[in-house]
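1. Quick check, what structure comes out for this input:
(chains A and B)
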Number of protein chains: 2
Amino acid sequence: MEAITYTLTLKVEGAKDLMVPVVSGTSILEGAKKANLAIDAPCSGNGTCGKCRVHVLTGEVESKETRHISPEEYSSGYRLACSSTICSDLTVSVPASALAYQTRMKVTDLSTSREQGIFAALQEELRDRGFWGDHGLSLVRVQLQKPALDDAMADRERLLWAMAEQINSTSESIHFSLHALRKLPQVLRSADFSGTAVLRQDADQKYTVLDLFSGAESENPSPVLAGLAIDIGTTSVSILLVNLQTGELLAVGSAGNGQIRYGADVISRIIESTRPGGLERLHKAVTDECIGLLIKQICHTAGLPQESMYRVVVAANTTMTHLFLGVPAEHLRLEPYVPAFFTTGTLRGTDLGLGVHPDAEVEIAPSIGSYVGGDITAGAFSSMIFKKESLSLLIDLGTNGELVFGNGEFLMACACSAGPAFEGGDISCGMRATDGAIEACTIDQNTLEPTFKIIGPAGQKPLGLCGSGLIDTIGELFRCGVINAKGRITHEGKRTFRDEWGIGGYILAYADQSESGRDIVLTETDIDNFIRAKGAIFSAIRTMLTMLDFSIDAVEAVYVSGGIGSGINVKNAIRIGMFPNLPLEQYHYIGNSSLSGAYGMLMSRKATEKVLEIGRGMTYLELSSHPSYMDEFVAACFIPHTDGALFSLET
Amino acid sequence: MEAITYTLTLKVEGAKDLMVPVVSGTSILEGAKKANLAIDAPCSGNGTCGKCRVHVLTGEVESKETRHISPEEYSSGYRLACSSTICSDLTVSVPASALAYQTRMKVTDLSTSREQGIFAALQEELRDRGFWGDHGLSLVRVQLQKPALDDAMADRERLLWAMAEQINSTSESIHFSLHALRKLPQVLRSADFSGTAVLRQDADQKYTVLDLFSGAESENPSPVLAGLAIDIGTTSVSILLVNLQTGELLAVGSAGNGQIRYGADVISRIIESTRPGGLERLHKAVTDECIGLLIKQICHTAGLPQESMYRVVVAANTTMTHLFLGVPAEHLRLEPYVPAFFTTGTLRGTDLGLGVHPDAEVEIAPSIGSYVGGDITAGAFSSMIFKKESLSLLIDLGTNGELVFGNGEFLMACACSAGPAFEGGDISCGMRATDGAIEACTIDQNTLEPTFKIIGPAGQKPLGLCGSGLIDTIGELFRCGVINAKGRITHEGKRTFRDEWGIGGYILAYADQSESGRDIVLTETDIDNFIRAKGAIFSAIRTMLTMLDFSIDAVEAVYVSGGIGSGINVKNAIRIGMFPNLPLEQYHYIGNSSLSGAYGMLMSRKATEKVLEIGRGMTYLELSSHPSYMDEFVAACFIPHTDGALFSLET
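-> Just a heads-up that it's a prediction; the model follows:
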């Protein structure tokens, strides 16, 4: 039988319809992947989890029966995307969550005043410690003698001679970027042979002319020396477009990591990368299809051409760094777990193929092992724990949770797999800390009515829960006795329910009060997912400190970073057994420390050198080799813990 | 009226049909340009020269009447391509010469024993003078400790540490190309962590790992360090693929310059480049559509991937260098005639976008003025005149003729526009010095029967005239009194004719003896074109020497280079007034000196430095500013000259 091609039309609320050609027999789930939509399917399309439910509007499908779809739902067109194959042109309505990595996964975007405060403090600290402005880039005004019949020196040589004199160098020491050369004749002639050059001082008293602007372009405002700090998380990507002269943010952008459709965690991505063409697919998904588009967008926002990005810094975990650079990652998960590289040296803009200046200096934050990457070395830098005498703990809450413990004398790091719950993934009403996110929640013990703090303008209706809101809600549900230590709903009442398959839940907001017009619900499945995530973090902290023969009390400061939201209520995080029971004033939320570290490296070569030094000096601890780690994890998968005394708060 | 799109189908003998969409009202000439066919139209499409004749097979055209098409021809479908606009889908037969830059323009390909001899002599001279092998590239065998759970150093760092020890350097001094990094994990694991690296020593004791081959790949034969020497002429392009360890040629390739369809000379190209999108068009025509394809071909021939081209050298005239690099060239022809650059510094493979190794060192031979470019500085190097005490003259016969005069103490250069006649252009039966080309010719004074030396295997039938054959034929026709001093046919007989428009000609070979099955004919128009070309050369020599206060006798050696063919008969060249009347033994044919110079630069950084030094030291003489140049030119446009005494040969 020959394969026939049909058109699959996907309707997503609040977005444009997507159309893709699919071969007959393709499942709706596969078809949606082709359209870059990630329909939630935790069971990987085996028909068991029932989460990939879609609504077939027109066309024919062949579907297996499933307990997840009732006869009534079936007759009105509901199907599981994984278990339905396409037999005609088809129009399907899919949940908005399928756009997760495009919309829901919006990262900390420095739009709240708290985030802005954190960022301002970072800038001040970088300035104070001398990690500021030594990126080698500068603007040089030039005014050349006009050529004449008896002075027919070529433009390039004319400029280099003048510039060499101005900067006290020789013309042979100045490299001229082809990008600048292509602009040179026009730029010089448009303003009487005057202009402004973007010059970079390289090593050994060498220089590069990166760009040129005519005299007219150079006045009011003068050209901008711009650069990009990029954090590539497993779940989401964030970019800062920075004015390198002032440190000011000219634009920020974030999006879900385009690789999400190939799997939620790094292991699935690595496996996909070993399939035929897989490495190229994953490389393109995060470069061209994600970061490339983001760069285009934010450059447009800032009103700058992409070629004006003269310096780029990338911080990411080890797997993401490999896939971003198109380097095979499979050995990261094969014994003896050896990455292809820890460091890359300085790369060039063209190496990335993202439309930034071809001769831009590109720095990649160093990895120290297969599971502790540049996000952590950059984060260890921006947290400044390497400068301190007191023992500090850095907790980076991402899809992979990573911990760094130490001070100015030593730094130890370890990693654990937390899953995407802290970033709003794996939680049915989860979302990023952006407009509409419930970032804080209290629940009345008597009425069980919740009170929210919602991100966004006054009057903003709730849309979902970000990480900090999730911690609060679960903490409050536990405090009020709505859920037990295993996360099961033990209370029946107005706001709780149990569905036909026996899954309990708590209704945070009713359809008529929510932004989406649908109930905002936290289910036992969500709570399970969250408990595993927080259990992974806490057991990692315990195991690491035990391995190093430190008690929890030895920790003098805790820095919490990640996309969990800025308003994290540490008391609740301790109450549910996520963070160790230390005095609240020892906790500091520092935002996206990987992105902050990349920002520091962008602003300063000395910072870049420091991050490399941190990478060389940091010791990696492999938790899984420790015999007690599994026991610790199991014990931590309760609220708060099997050993409740660990979390006995005074209040 | 709305424009309608038709399909123009072009039939060319010996080639596949070409189809292009054209808008109604387009001329056939324009349509053919869209299909990359260059129908000969010296009058630029004004309907006056009558050379763009085509045969309309099906479809409708609107044509102007012309004296170039007889009523009989008109009724059987013959038209001038420039004066016929397309009114329907159309099928047209066009002359094979329209494929000129694809087939006819094959360059000196080192296939003859004489060319091979010239090349062998060049290699020996380079070796003797120490311009050999110092390109910085080498192969380094590495054998690494295998990683283990307690030795989880990343692959890149593992390799760099081992290599640093081996070459007595530090791992920080070695840059690792992203290209090599992408191959690293697989290569190491395919042969027990042994392999061979391609290492380049850069300036200041820095190194770059460009490539990696596994242990297995590295044995019998070991990896090849390959590079490309590229000569970009206005009319044709030649490339040598060289084994940098031995100097051996692994493949050679040549083709017409893809820009030919935008005009035959540099001035037309520059004008075209100033039209909207023109610079990009001309850039692509010579890069992607010409050199890019040639590189692909010759790498395939040599059995090497394009990324194994680790070093590239390009020599070209100033306009070609600008357009090749995508740099605006318009100011080359606007007073005060200032190029955008003389030199470029060392560029990188990615700058060119031609699929060579992204970190390849790319050297561009320096220009010294708008009309004396890298082809001449490279040629002055390969001729070695800069090393000599005696006064030498280098004559480079290309579309632009260039001259260099001097010795070890000084070098002067000038340029003149000869047109493409020496390379077989503008001559109805002209062709490159390749199989089928008549490279030498004698004519019997009594019978006027010609005798040929034809390039190719025994029994090869003649196909046309290359430059050397053209000089011979015109010299012999003049000696036998068939043509007069103005190049007019003055003899009536068996092999001569005069067509209905009064143009005389000489039949070199009848249809039944020729390879193409058509008469090979030299017309008065051809002879005119050639006389202007040789007149330009000779008058330039005279004017330059006069400007420098030297007589012709001061010249002690003459080096002749260019695609004119290796078998140039100097006696005939003197007889017709092309070369000065100096003892024959003072003449040396040195082949394509630009390509030879590029080859030298490829094999040696010292040679590259020497060419740059030659460029800095060479003085440019502007002939057109000399009051007597025009008079000299007019006087030289006779056979041999208005002053015949200048060329009185002894024989």
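
2. OK, contacts around the residue in the stretch 251-400 of chain A positioned nearest to chain B?
-> Residue nearest to chain B within the stretch 251-400 of chain A: A:Phe341 (3.7 Å; Cβ to the nearest Cβ). Every C-beta, even on glycine, is put in place using the N, C-alpha and C of the backbone. Taking Cβ atoms under 8 Å, 6 or more residues apart in numbering or on different chains, we find A:Phe341 in contact with A:Val327, A:Ser367, B:Ala154, B:Asp155, B:Arg156, B:Glu157, B:Phe176, B:Leu181, B:Leu184.

3. try it again with 7 Å
-> A:Val327, B:Ala154, B:Asp155, B:Arg156, B:Glu157, B:Leu181 (Cβ atoms under 7 Å, 6 or more residues apart in numbering or on different chains).

4. Next to chain B in this structure, residues from the stretch 301-450 of chain A, please.
-> A:325-328, A:331, A:335-342, A:344-345, A:347, A:350-351, A:369 (Cβ under 7 Å from any Cβ of the partner chain).

5. For the stretch 151-300 of chain A, what lies in contact range of chain B?
-> Counting by Cβ under 7 Å from any Cβ, the stretch 151-300 of chain A sits next to chain B at A:152, A:154-157, A:175-176, A:178, A:181-182, A:184-186, A:204.

6. can you put the residues you listed in a markdown table and add neighbour count?
-> Shown next, in a markdown table, are these (neighbours: other Cβ atoms under 10 Å in any protein chain shown):
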| residue | neighbour count |
| --- | --- |
| A:Ala152 | 18 |
| A:Ala154 | 24 |
| A:Asp155 | 26 |
| A:Arg156 | 25 |
| A:Glu157 | 19 |
| A:His175 | 20 |
| A:Phe176 | 26 |
| A:Leu178 | 20 |
| A:Leu181 | 25 |
| A:Arg182 | 19 |
| A:Leu184 | 24 |
| A:Pro185 | 23 |
| A:Gln186 | 15 |
| A:Asp204 | 9 |
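
7. pLDDT check: weakest of these?
-> The member of those with the lowest pLDDT is A:Asp204, at 84.

8. Isn't that residue up against B:Asp204?
-> Yes: applying Cβ atoms under 7 Å as the test, A:Asp204 and B:Asp204 come out as touching, 5.8 Å apart.

9. Any buried residues in the longest helix along chain A, and which?
-> The helix spanning the most residues in chain A, taking DSSP state H as the definition, is helix A:524-547. Neighbour-count burial for helix A:524-547, with 16 or more other Cβ atoms under 10 Å in any protein chain shown as criterion, is recorded at A:524-545, A:547.

10. Need the max-distance pair from the contacts of A:Phe341.
-> Greatest spatial distance in these: A:Val327 and B:Glu157, 13.6 Å, computed using Cβ to Cβ.

11. Which parts of the stretch 101-250 of chain A are strands?
-> Using DSSP state E, counting those that start in this stretch, the strands of the stretch 101-250 of chain A run over A:137-143, A:174-176, A:194-201, A:207-214, A:226-232, A:236-243, A:249-256.

12. Need the winner for burial among these.
-> Each of those was scored by mean neighbour count; the highest is strand A:226-232, a mean of 28, by mean count of other Cβ atoms under 10 Å in any protein chain shown.

13. quick one: that strand to chain centroid distance?
-> Put simply, strand A:226-232 sits 12 Å off its chain's centre (Cα atoms, centre = their mean, to the nearest Å).

14. Just the ones of the residues of the stretch 151-300 of chain A next to chain B in helices?
-> Short answer: those in helices (DSSP H) are A:Asp155, A:Arg156, A:Glu157, A:Leu178, A:Leu181, A:Arg182, A:Leu184, A:Pro185, A:Gln186.

15. is it true that the first one touches A:Pro185?
-> In this case it means A:Asp155. Yes: between A:Asp155 and A:Pro185 there is a contact under Cβ under 7 Å: 5.6 Å.

16. Overlap in contacts, these two.
-> Residues touching both A:Asp155 and A:Pro185 by Cβ under 7 Å, 6+ apart: B:Ala340.

17. coming back round to it: distance of the residue of the stretch 251-400 of chain A closest to chain B from B:Pro223?
-> 22 Å (Cβ to Cβ, to the nearest Å).

18. same deal with A:Gly77?
-> 61 Å.
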